[in-house]
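Novice: Let's see this in three dimensions:
(chains A and B)
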Amino acid sequence: DTAVSQTPKYLVTQMGNDKSIKCEQNLGHDTMYWYKQDSKKFLKIMFSYNNKELIINETVPNRFSPKSPDKAHLNLHINSLELGDSAVYFCASVRDSDTGELFFGEGSRLTVL
Amino acid sequence: GNSVTQMEGPVTLSEEAFLTINCTYTATGYPSLFWYVQYPGEGLQLLLKATKADDKGSNKGFEATYRKETTSFHLEKGSVQVSDSAVYFCALKKAAGNKLTFGGGTRVLVKP
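Specialist: This next block holds a predicted model:
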């Protein structure tokens, strides 16, 4: 069974569209994250939720809105997509934040044309 | 703020060669340090970690020692295999909070 699963794995869309990426973890973790990985593999944290509460919100455009309906799910909605949004988005979760051992999903590759 | 600096890749090696990937960090206090590995087409997974000065993390033949005096956490492996081809990320986490800060990643390519 996949521990952290993301859908879709691939997403190709036009500029200006709105899209969502979903993430689910079956590990019973309390904290979930969204990371963005650019074409040079640089990884940057976007958001973090703990038990459905937003705890990290880095400098991310308002077009990005995370939603956590319950502690096992963290979805990412993006409005008015731009070319620069093209990247691989990774969801991750952690059981005990003090250990630092994040479990990552396989990523969702977003291509904006 | 906290930051992690890694050597830029790609690093290309022959099988059985010695691998070193340099990592240095900037942080206040005593952060925990990590190496994550990303195999092609996959998410990141924890390779090893160290939580205090002079600790050595090890896994799958890889080692890294937490050096507070040089603020470094260099990754080493004595004899690499083709299957070690991946992108390696150094990361740190402060004692309080749950934010993991990653370095820029180093791509390693091992040729037969």
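Novice: Near chain A, which residues of chain B? Just list them.
Specialist: Taking Cβ under 8 Å from any Cβ of the partner chain as the contact definition, chain B meets chain A at B:32, B:34, B:36, B:38, B:41-46, B:49, B:87, B:89, B:91, B:93, B:95, B:97-102, B:104-105, B:107. In short, each C-beta sits where N, CA and C put it, glycine included.
Novice: residue ranges of the strands in chain B, please?
Specialist: Secondary structure of chain B, counting by DSSP state E: strands at B:3-6, B:11-14, B:19-21, B:23-26, B:32-38, B:44-50, B:56-59, B:62-65, B:75-77, B:86-93, B:100-102, B:106-111.
Novice: what's the pLDDT at residue A:94?
Specialist: Looking at residue A:94, its pLDDT is 89.
Novice: Would you agree it is in contact with residue B:99?
Specialist: No - between residue A:94 and residue B:99 no contact is recorded; they are 10.8 Å apart, counting by Cβ atoms under 8 Å.
Novice: helices and strands of chain B: which one has the lowest mean pLDDT?
Specialist: Scoring the helices and strands of chain B by mean pLDDT, DSSP states H and E places strand B:100-102 at the bottom, with a mean of 89.
Novice: That one packs against which elements?
Specialist: The contact analysis (3 or more Cβ pairs under 8 Å, 6 or more residues apart in numbering or on different chains; DSSP states H and E) places strand B:100-102 against strand A:43-50, strand B:3-6, strand B:86-93.
Novice: switch the cut-off to 6 Å
Specialist: Applying 3 or more Cβ pairs under 6 Å, 6 or more residues apart in numbering or on different chains; DSSP states H and E, we find strand B:100-102 packed against strand B:86-93.
Novice: Need the contact partners of the strand it packs on.
Specialist: A:41, A:100, B:4, B:6, B:21, B:23, B:25, B:27, B:31-39, B:100-103, B:105-107 (Cβ atoms under 6 Å, 6 or more residues apart in numbering or on different chains).
Novice: cool, stretch A:24-42 as well?
Specialist: Here stretch A:24-42 has contacts from A:3-5, A:43-51, A:71-74, A:76, A:87-90, A:92-95, A:97, B:87, B:98, B:104-105, using Cβ under 6 Å, 6+ apart.
Novice: Quickly list what the nearest residue to residue B:23 once chain neighbours are set aside is bridged to.
Specialist: In this structure, residue B:23 finds its nearest non-sequential neighbour in residue B:90, 3.5 Å apart by Cβ to Cβ, 6 or more residues apart in numbering or on different chains. With DSSP bridges as the criterion, residue B:90 is bridged to residue B:35.
Novice: how many other residues sit next to residue B:90?
Specialist: 29 (other Cβ atoms under 10 Å in any protein chain shown).
Novice: The one 10 residues further on too?
Specialist: Burial of residue B:100 is recorded as 28 neighbouring residues (other Cβ under 10 Å).
Novice: same question, residue A:77
Specialist: Residue A:77, neighbours per other Cβ under 10 Å, totals 14.
Novice: which outside residues touch the helix or strand containing it?
Specialist: Here residue A:77 sits within strand A:73-78, counting by DSSP states H and E. Residues from elsewhere that reach strand A:73-78 (Cβ under 6 Å, 6+ apart): A:19-24, A:32, A:34, A:49, A:63-68.
Novice: Now, of the residues you listed, which are buried?
Specialist: A:19, A:21-24, A:32, A:34, A:49, A:64, A:66, A:68 (16 or more other Cβ atoms under 10 Å in any protein chain shown).
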